[in-house]
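> Here is my input, please return the structure:
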Amino acid sequence: MKKLIVLSSVLMMLLSGCGLRQDVKVLKLGHTLDTKHSVHIAMEYMAKRTAELSDGKLEIQIYPGGVLGSEKESLELLQLGSLDLTKVSAAAMEGFVEEYKVFGLPYIFRDKEHSFAVLDGPIGDAMLAKGDKFWLRGLCFYDAGARSFYTSTRINSPDDLRGKKIRVMQSITAVEMIRAMGGSATPIAWGELYTALQGGVVDGAENNPPSFYLSRHYEVCKYYLLNEHTMIPDVMIVSTHAWKKLTEQERLWLQQAADESVIVQREEWKKSEEESLAAVKEAGVEVIYPDKAPFMARVEGVFDLYKSNPKVYDLIQQIRAVQPAKQENDSIAADSVISNKISE
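Down below sits the predicted model:
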């Protein structure tokens, strides 16, 4: 808490004396990503569109690279009202909204089209609103790709994971998923993973293509199995303290800019995935495209963990029942959708 108070004080000092016009309302957005990341690029677009739509009356100032704190600290600053906007992994919202746990379940999404249909539809809208009582209102979901296995020895099926030590995040669901596939789940801090892979402490790990490439884990893991077991999205969050200070028109501008930024981010993410896969292949990594059916069958029992929790289990059934609509374009910023999202 002491560190949070210091961060809040630094933030206020940083933003005092900005010399802004009195008729301009400013929203502060802090996040932990690099400025080359697809989400940051989307945020820049959102800021630009917000200024355009409001004719300069509403402005978003972006503070990247964790200068205002970690994901956890940023969420706490939003709750205090010291920060207006941030981006976090949906996994970071599990501590506030229990239903967010579904995003970490293996193969809850059949493919990317299914995930977009869920996140862009009524289920996604309802999830974004569930953080309101914790002062954390969702504006939109960003694509964070699919997590797949990379290992030091070649694997093709769940049987090949038997006896393998696989690094996972500190997550009960992730641990159960690896166990169900026959592997040995080993939680290790991200910053320690390269050394652990290099020294044989673990036989592999799992993550999306850009993370695999940028972490340089491809230097010690020459096999990348694109089984795509989880697709955990990122979430753009606005503090309800800031939201309540906005007029209805200002909310419309902000929501429209956020929704349009989703399309930009998805295109940027797609490019980053393609570039990352090309780069690791060039570095000598064998990228394997397996049959996903055996992996899906092995983890079906993980869903049974939530049978005693109707709130989460019912949501699992709802998500599984969603069928992607065939559309000619990827537009999601319809006026009716935006209007629904801004209602309190």
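> how about the helices in the chain?
Using DSSP state H, the helices of the chain run over 2-15, 38-53, 71-80, 112-119, 122-129, 172-180, 193-198, 209-214, 240-245, 248-282, 293-298, 310-321, 335-342.
> CSV for those, including mean neighbour count and distance to Pro64?
Just so you know, the C-beta spots here come from the backbone N, C-alpha and C atoms, and that holds for glycine as well. Output for the helices of the chain, formatted as CSV (neighbours: other C-beta atoms under 10 Å; distance: least, C-beta to C-beta, whole Å):
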stretch, mean neighbour count, distance to Pro64
helix 2-15, 14, 14
helix 38-53, 20, 6
helix 71-80, 20, 12
helix 112-119, 20, 24
helix 122-129, 18, 23
helix 172-180, 20, 27
helix 193-198, 16, 23
helix 209-214, 20, 15
helix 240-245, 16, 19
helix 248-282, 19, 15
helix 293-298, 16, 35
helix 310-321, 14, 32
helix 335-342, 15, 25
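> want to try JSON lines for the ones you listed, with mean pLDDT as columns?
Shown next, in JSON lines, are the helices of the chain (pLDDT from 0 to 100):
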{"stretch": "helix 2-15", "mean pLDDT": "52"}
{"stretch": "helix 38-53", "mean pLDDT": "97"}
{"stretch": "helix 71-80", "mean pLDDT": "96"}
{"stretch": "helix 112-119", "mean pLDDT": "97"}
{"stretch": "helix 122-129", "mean pLDDT": "97"}
{"stretch": "helix 172-180", "mean pLDDT": "91"}
{"stretch": "helix 193-198", "mean pLDDT": "97"}
{"stretch": "helix 209-214", "mean pLDDT": "94"}
{"stretch": "helix 240-245", "mean pLDDT": "98"}
{"stretch": "helix 248-282", "mean pLDDT": "98"}
{"stretch": "helix 293-298", "mean pLDDT": "96"}
{"stretch": "helix 310-321", "mean pLDDT": "96"}
{"stretch": "helix 335-342", "mean pLDDT": "54"}
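> Now render these as TSV, adding distance to Met93.
Output for the helices of the chain, formatted as TSV (distance: least, C-beta to C-beta, whole Å):
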stretch	distance to Met93
helix 2-15	18
helix 38-53	16
helix 71-80	8
helix 112-119	13
helix 122-129	9
helix 172-180	14
helix 193-198	24
helix 209-214	20
helix 240-245	14
helix 248-282	16
helix 293-298	25
helix 310-321	13
helix 335-342	17
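> With Cys221 as the reference, name the closest of those helices.
Of all those, helix 193-198 sits nearest to Cys221, with 6.0 Å by C-beta to C-beta.
> With only the CA atoms kept, save that closest one in PDB.
Taking C-alpha atoms only, helix 193-198 is exported to PDB below (Å, rounded to 0.1, in the frame of the first residue of the first chain):
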ATOM      1  CA  LEU A 193      12.500 -19.100 -17.400                       C
ATOM      2  CA  TYR A 194      15.300 -18.700 -20.000                       C
ATOM      3  CA  THR A 195      17.900 -20.000 -17.500                       C
ATOM      4  CA  ALA A 196      15.600 -22.800 -16.400                       C
ATOM      5  CA  LEU A 197      15.100 -23.900 -20.000                       C
ATOM      6  CA  GLN A 198      18.800 -23.600 -20.700                       C
END
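> Which elements pack onto that helix?
strand 165-168, strand 204-207 (3 or more C-beta pairs under 8 Å, 6 or more residues apart in numbering; DSSP states H and E).
> Could you work out which of these reaches nearest to Val287?
strand 204-207 (13.9 Å).
> next one: that closest one to chain centre, how far?
17 Å (C-alpha atoms, centre = their mean, to the nearest Å).
> Could you number the chain from 376 rather than 1 from now on?
Let's use 376 as the start, then, which means that last one is strand 579-582.
> and that strand, C-alpha only, in PDB?
In PDB, the C-alpha atoms belonging to strand 579-582 read as follows (Å, rounded to 0.1, in the frame of the first residue of the first chain):
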ATOM      1  CA  GLY A 579       9.500 -26.700 -22.200                       C
ATOM      2  CA  ALA A 580       7.000 -23.900 -21.700                       C
ATOM      3  CA  GLU A 581       4.000 -22.400 -23.400                       C
ATOM      4  CA  ASN A 582       3.200 -19.000 -24.800                       C
END
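> Name the residues that touch that strand?
522-527, 530, 539-543, 568, 572, 590, 592, 596, 604 (C-beta atoms under 8 Å, 6 or more residues apart in numbering).
> repeat for stretch 448-464
378-379, 382-383, 386-387, 402-408, 414, 418, 435, 443-444, 446, 467, 471, 509-511, 514, 517, 519, 607-614, 616-617.
> which of these count as buried?
Taking 16 or more other C-beta atoms under 10 Å as the criterion, what is buried in the contacts of stretch 448-464 is 379, 382-383, 386, 402-408, 414, 418, 435, 443-444, 446, 467, 509-511, 514, 517, 519, 607-614, 616-617.
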